[in-house]
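In: Just a sequence and a predicted model for now, questions to come.
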Amino acid sequence: MACPADNQPRQADRGAPVTGPTVGAESAGVGVARPRELSPGSIGGSALVFPGQGSQAVGMLGPWCDVRAALALFERASDILGYDLAAVCRSGPADQLDATAVSQPAILVTSLAALEVLRHRDGGVPADIVGVAGLSLGEYTALVFAEAIDFDDAVRLVDARGRAMQHCADAAPGGMVAILGLERDKVAKLCAAQRGADVVEVANVLCPGNVVISGDRAACERVAEAAAAAGAMKCVRLEVSGAFHTRLMAPARDRLTAALAATTLRSPRVPVVSNVDARPHHDPAEIRDLLARQLVGVVEWQASMEFLIASGVRSIVEVGPGRVLRGLMKRIDRKVAVAGVWD
């Protein structure tokens with residue numbers, strides 16, 4: 001989902017000198033010997049959540065990013081990508097940063113840089129992290145934190161993902177619309193009624209009354225008009241060029257599947273809740289399959305957060321640009337404490 005990033009990062013405390021990037025659960029102060037089983041009612045504690053595409057904004061790499069380990073991440077990523085990622089995050093131009101092929105690695109690295117800043121601040125990463133999740137692209141950030149994917153491999157993988165999705169969108173342009181004020185079942189029925197020969201599907205279920213549809217642009221427009229007539233509070237056309245999380249992304253899924261097969265994955269050291277079924281998984285082969293399926297299926301964010309809450313999570317920290325995920329949590333369960341790196 002594309003949402004504006006509206007947080008204002010502030011100057012972070014300077015950390016002690018660090019010789020290189022140290023992203024991961026153990027390096028972030030969460031040393032877990034083996035994955036804990038996360039199931040309803042089993043444990044309590046905190047969770048980290050990582051934003052997805054749409055949270056980017058020119059200037060998101062502000063003066064807060066003064067920790068050596070955080071800056072080193074951008075240097076490593078730039079060497080892999082072949083362009084100055086930090087410069088794009090700081091100065092744009094916006095059309096370059098907003099391109100899917102660029103925004104995805106930009107958000108991944110900015111979020112992991114924010115994690116390093118959090119690790120070096122007085123409070124640090126909460127010691128009681130029992131699970132993590134990320135919205136679509138953010139799931140890759142969560143897997144890096146959980147030490148299931150190495151940083152360099154994650155940059156290459158997300159670069160391949162973004163390029164595949166961009167190529168797919170260029171070949172078959174589509175659109176996405178957020179339908180506010182109607183529940184999932186109603187929106188799904190509207191999609192079925194307005195689909196015709198086109199593709200239009202529920203793509204993201206973000207929180208109660210916030211459902212994103214995706215597909216052919218004409219079909220999305222028909223559903224938006226029907227939703228307004230059915231009582232939707234608002235229909236927001238998102239600034240994306242592709243029909244993300246629908247069957248129209250099948251070519252991108254196939255390219256991502258090949259990239260995933262060439263990437264080393266390990267069992268996460270901290271449970272990572274999948275967007276596909278709102279459950280954590282430990283088998284690397286299963287995680288690969290779910291990441292590929294995510295491109296063509298519904299992002300079950302509301303269900304993922306409800307699973308964490310049912311598991312006893314009572315506070316979340318949003319790590320990365322923007323504050324969208326905190327806003328969604330307030331609509332899902334206001335009793336859960338929410339914070340960001342800049343709070």
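Out: Received it, and whenever you're ready, just let me know what you need. Numbering: from 1, shown residues only.
In: was I right about Thr141 contacting Ala148?
Out: No - using CB atoms under 8 Å, Thr141 is not in contact with Ala148, being 11.1 Å away. All C-beta atoms are positioned from the backbone trio N, CA, C, and that covers glycine.
In: More neighbours: which of these two?
Out: Thr141 (33 against 26; other CB atoms under 10 Å).
In: Show me the shaky parts of the stretch 1-150 of the chain.
Out: 1-44, 122 (pLDDT under 70).
In: buried ones in stretch 107-121?
Out: Residues of stretch 107-121 classed as buried: 107-120 (neighbour count, 16 or more other CB atoms under 10 Å).
In: on that earlier part again, so for Thr141 and Ala148, which residues contact both of them?
Out: Here Thr141 and Ala148 have no joint contacts, going by CB atoms under 8 Å, 6 or more residues apart in numbering.
In: tell me which of the buried residues of stretch 107-121 is nearest to Ser136?
Out: Ile107 (10.0 Å; CB to CB).
In: what about the closest one, helix or strand, and which?
Out: Ile107 belongs to helix 100-120 when assigned by DSSP states H and E.
In: now swap in Asp254 and tell me
Out: According to DSSP H and E, Asp254 maps onto helix 250-261.
In: got it, and Ala178?
Out: strand 175-180.
In: Direction included, what does that strand pair up with?
Out: According to DSSP bridges, strand 175-180 forms sheet pairs with strand 210-215 (antiparallel), strand 234-237 (antiparallel).
In: How far away from the center of its chain is the first one?
Out: If I follow you right, that is strand 210-215. Chain-centre distance of strand 210-215: 16 Å, with CA atoms, centre = their mean, to the nearest Å.
In: Following the chain past that strand, name the next helix or strand.
Out: Next along the chain from strand 210-215, counting by DSSP H and E, comes helix 217-229.
In: That following helix to strand 210-215, inter-axis angle?
Out: Relative orientation of helix 217-229 versus strand 210-215 (axes from the mean of the first three to the mean of the last three CA atoms, to 10 degrees): 150 degrees.
In: And helix 217-229, what does it pack against?
Out: strand 175-180, helix 184-194, strand 200-207, strand 210-215, strand 234-237 (3 or more CB pairs under 8 Å, 6 or more residues apart in numbering; DSSP states H and E).
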